[in-house]
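Colleague: Please work out how this folds:
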Amino acid sequence: MLSRRNIVFVVLVAILECERPLFAAQSQTSIFSPQSAPARSIAALSHFTLALTGLIFAVVAGLLVYVIIRFRRQDNDDGSEPPQIFGSTQIELSWTIIPILIVTVLFLTTARVVFDVQDAPKPKSALDVTVIGHQFWWEVRYPGFQVTTANELHVPISTSSAPEPTFLKLTSADVVHSFWVPELAGKTDLIPNRINELWISPETAGIFKGQCAQFCGAEHALMLLRVYADTPGDFAAWIQQQQLPATAPQSDAVAQGRKQFETLACINCHAVNGTVANGRFGPNLTHLMSRETLASGAMPNTPENLARWIDDPDTFKHGSLMPAMHLTKPQIDQITAYLVTLK
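Modeller: All right, here's what the predicted structure looks like:
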């Protein structure tokens with residue numbers, strides 16, 4: 001008969017087994033499919049290290065198994081000790097020289113990859129992007145195009161015939177964060193009052209997911225990031241769309257929503273190009289509805305979720321610096337009607 005502890009254990013295992021597909025589907029990152037030159041170099045180094053350490057394990061385990069079988073106790077053993085060996089120059093040289101050679105090979109291989117990634121030449125066609133980490137969202141600036149967005153990084157694909165890598169300058173506005181999109185590059189920290197650099201060169205169009213990889217506070221787990229690798233034409237079209245000013249109000253409800261937005265504290269934190277809103281503490285909302293998620297990936301970007309976020313941000317992202325404004329439902333509806341026009 002099962003004890004209470006065993007019953008609880010069986011139930012927990014059953015729940016985890018049922019939820020396993022859900023956990024797998026929610027995985028945001030993968031280190032096993034590099035899609036950029038830096039990530040491919042890191043993956044190759046990882047595979048080499050795994051193969052070398054696997055070979056060492058196989059040799060040591062094989063010798064151990066051989067010794068266990070070959071020198072196991074026999075029925076006719078008289079109990080006396082086998083001949084003892086006191087000191088062996090050959091053995092001592094072996095266990096000293098072989099590990100030194102292994103460590104040297106790993107050191108030189110790792111150093112070559114580190115220098116190849118860090119000292120990669122920057123072509124004239126490279127795209128410059130500045131990424132600033134905030135609690136708990138990403139600010140993304142394109143200084144060459146005068147474009148600022150949030151939580152979604154758009155870059156052109158880069159090929160050998162038309163190289164157009166993206167060089168990132170990384171810093172933080174508050175605490176230490178870490179930029180990590182494993183399919184594109186290694187982890188790089190964002191540190192206040194310091195600029196670290198990283199480059200990526202996605203070779204195929206698509207979406208690459210990443211996140212902050214340095215614990216930075218209560219909602220660290222929901223500081224997610226999306227990198228969109230676009231074709232050159234799609235990237236140029238996206239830049240052109242982002243350079244446009246905010247959409248003008250098209251109805252009385254939208255006009256009332258804009259008035260509410262500009263007369264409340266919203267403009268102290270958020271900017272909307274072409275309006276009086278020029279805040280810098282929160283994400284730029286000029287083209288809010290062109291983004292797929294809200295609150296740095298906390299939820300899909302829909303009018304319903306936007307209204308709920310305005311009403312009570314803490315419900316979705318406990319610890320978010322955006323306060324609940326205690327607005328009435330008509331005010332929330334009007335502001336939502338205005339914000340959904342910002343595409």
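Colleague: what ranges of the stretch 201-343 of the chain fall below the confidence cut-off?
Modeller: Within the stretch 201-343 of the chain, the stretches with pLDDT under 70 are 248-249.
Colleague: hey, where'd the strands end up in it?
Modeller: Per DSSP state E, counting those that start in this stretch, the stretch 201-343 of the chain carries strands over the ranges 206-212, 224-230, 293-294, 299-300.
Colleague: just checking, Glu139 touches Val147?
Modeller: No. No contact is recorded between Glu139 and Val147 when judged using CB atoms under 8 Å, the distance being 11.7 Å. Every residue, glycine included, has its C-beta placed from N, CA and C.
Colleague: any chance of the strands of the stretch 201-343 of the chain in CSV, with mean neighbour count and distance to Asn268 too?
Modeller: Supplementary listing: the strands of the stretch 201-343 of the chain in CSV, determined by neighbours: other CB atoms under 10 Å; distance: least, CB to CB, whole Å:
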stretch, mean neighbour count, distance to Asn268
strand 206-212, 20, 25
strand 224-230, 21, 25
strand 293-294, 18, 20
strand 299-300, 14, 24
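Colleague: Quick one: closest of those strands to Ile239.
Modeller: Proximity to Ile239, assessed across the strands of the stretch 201-343 of the chain by CB to CB, is greatest for strand 224-230 (9.6 Å).
Colleague: partners of the closest one in the sheet?
Modeller: Based on DSSP bridges, the strands next to strand 224-230 in the sheet, each with its direction, are strand 152-156 (parallel), strand 206-212 (antiparallel).
Colleague: what's the distance between that strand and the middle of its chain?
Modeller: From the chain centre to the centre of strand 224-230 is a distance of 10 Å (CA atoms, centre = their mean, to the nearest Å).
Colleague: Same question for stretch 158-168.
Modeller: 20 Å.
Colleague: Likewise for stretch 303-316?
Modeller: Here the centre of mass of C-alpha atoms in stretch 303-316, compared against the chain's by CA atoms, centre = their mean, lies 24 Å away.
Colleague: Next one: the closest residue to Thr231 other than its chain neighbours from Thr159, what distance?
Modeller: Closest residue to Thr231 in three dimensions, ignoring its sequence neighbours and counting by CB to CB, 6 or more residues apart in numbering: Ala205, at 5.6 Å. Noted for Ala205: a distance of 11 Å to Thr159, by CB to CB, to the nearest Å.
Colleague: Okay, helices next: where are they in the stretch 101-250 of the chain?
Modeller: Using DSSP state H, counting those that start in this stretch, the helices assigned to the stretch 101-250 of the chain run over residues 232-242.
Colleague: ok, back up a step: could you dump the strands paired with strand 224-230 to JSON lines with distance to Phe115?
Modeller: Formatted as JSON lines, the strands paired with strand 224-230 follow (distance: least, CB to CB, whole Å):
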{"stretch": "strand 152-156", "distance to Phe115": "24"}
{"stretch": "strand 206-212", "distance to Phe115": "24"}
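Colleague: between these, which gets nearest to Val181?
Modeller: Distances from Val181 to each of those were compared by CB to CB, and the smallest falls on strand 206-212, at 3.2 Å.
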